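# could you look at this predicted model? Sequence included:
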Amino acid sequence: METTFFIAGIVALAATLRTITCAHSVHALLYLIVSLLAVAVDFYALGAPFAATLEVVVYAGAVMVLFVFVVMMLNLNQETVARERHWLRPKLWIGPGVFAAILLAAMIWAMTIGGAIGVIEGERLSAHAVGATLFGPYVLVTELAAFLLLAALVVAAHIGRDEGNEARRKAEHGDRATTTAGER
Amino acid sequence: MTGLPIQYGMGLAALLFIAGLTGLVVRRNALFVLMCLEIMLNSTGLAFIVAGARWQAPDGQSMFILIIALAAAEAAIGLGLLLQLYKRFRTIDIDAASEMHG
């Protein structure tokens, strides 16, 4: 269990670092998918097989497919990659990187100073127990999550509608109306 | 060595979170910003799973499922906004949308 955890953790970390430094969006997406799969392996090693399955199906599956679709629609080319390289000059990222490293050091220090907080035995928690808590004490939160997903659906449908088409259609109608009124 | 000290799991979550945070601050491409948000949400999920594994409680995994729902909603809305940004400005540079000069 420990070996699996460390190997998958190193893979996840390396893939994440490549994700944030990659200039080409498709390559970055592939690295992100590898990172998510590695985190799923970590979940499995920690004794959470249900969460690992969900990570693969929902994160690496559904959400990443959304990203791939958007990359496809954006029609990126060599020029955008060159511009991305230009944006990624060391002068721009060295400051935020150093500050983030300081935050990380503080967090690691705070975690290690407390001594041994506990040990993970890696015993399995079944999906049955998770479902029992989701629909037992957390049933209200589950309902709220359902509301959230519904709201996201409505918002995505509203934001994603093709306003250009609507405006064009409206303009055509409007032109006819205004020309007859003699305003234009 | 019996079992894994919880610091390693939490440390991995912290490393992933900081990597996502750095990317969020550094990148100007809206697509990368959304990807870094996904990394950060995923690392918080990992922290919940680690804590749940430590105390042998299924609550951690329940919270992870809620985080996944949140991430899915965030990705859908964020990508919709990104497409609108691209349609209006013909670029996915988030600095293009600073018309309020904030």
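Cool, got the structure.
# output stretch A:127-135 as CSV, nothing but the C-alphas.
C-alpha atoms of stretch A:127-135 as CSV (Å, rounded to 0.1, in the frame of the first residue of the first chain):
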residue,chain,number,x,y,z
ALA,A,127,-19.5,2.0,-1.2
HIS,A,128,-22.3,0.8,1.0
ALA,A,129,-21.0,2.8,4.0
VAL,A,130,-20.5,5.9,1.8
GLY,A,131,-24.1,5.6,0.5
ALA,A,132,-25.4,5.1,4.0
THR,A,133,-23.9,8.4,5.1
LEU,A,134,-24.9,10.3,2.0
PHE,A,135,-28.5,9.4,2.4
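# state the mean pLDDT of that stretch.
Mean per-residue pLDDT for stretch A:127-135: 88.
# now do the buried residues in that stretch.
Residues of stretch A:127-135 classed as buried: A:127, A:129-130, A:133-134 (neighbour count, 16 or more other C-beta atoms under 10 Å in any protein chain shown). All C-beta spots, glycine's among them, are computed from the backbone N, C-alpha and C.
# export those residues as a markdown table, with columns for secondary structure and distance to chain B.
Shown next, in a markdown table, are the buried residues of stretch A:127-135 (DSSP: H, G, I helix; E, B strand; the rest coil; distance: C-beta to the nearest C-beta, whole Å):
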| residue | secondary structure | distance to chain B |
| --- | --- | --- |
| A:Ala127 | helix | 8 |
| A:Ala129 | helix | 4 |
| A:Val130 | helix | 4 |
| A:Thr133 | helix | 5 |
| A:Leu134 | helix | 5 |
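# which two of those residues have the greatest separation?
Within these, two members stand farthest from each other by C-beta to C-beta: A:Ala127 and A:Thr133, at 11.0 Å.
# could you report the distance from A:Gly160 to B:Cys36?
Per C-beta to C-beta, to the nearest Å, A:Gly160 is found 22 Å from B:Cys36.
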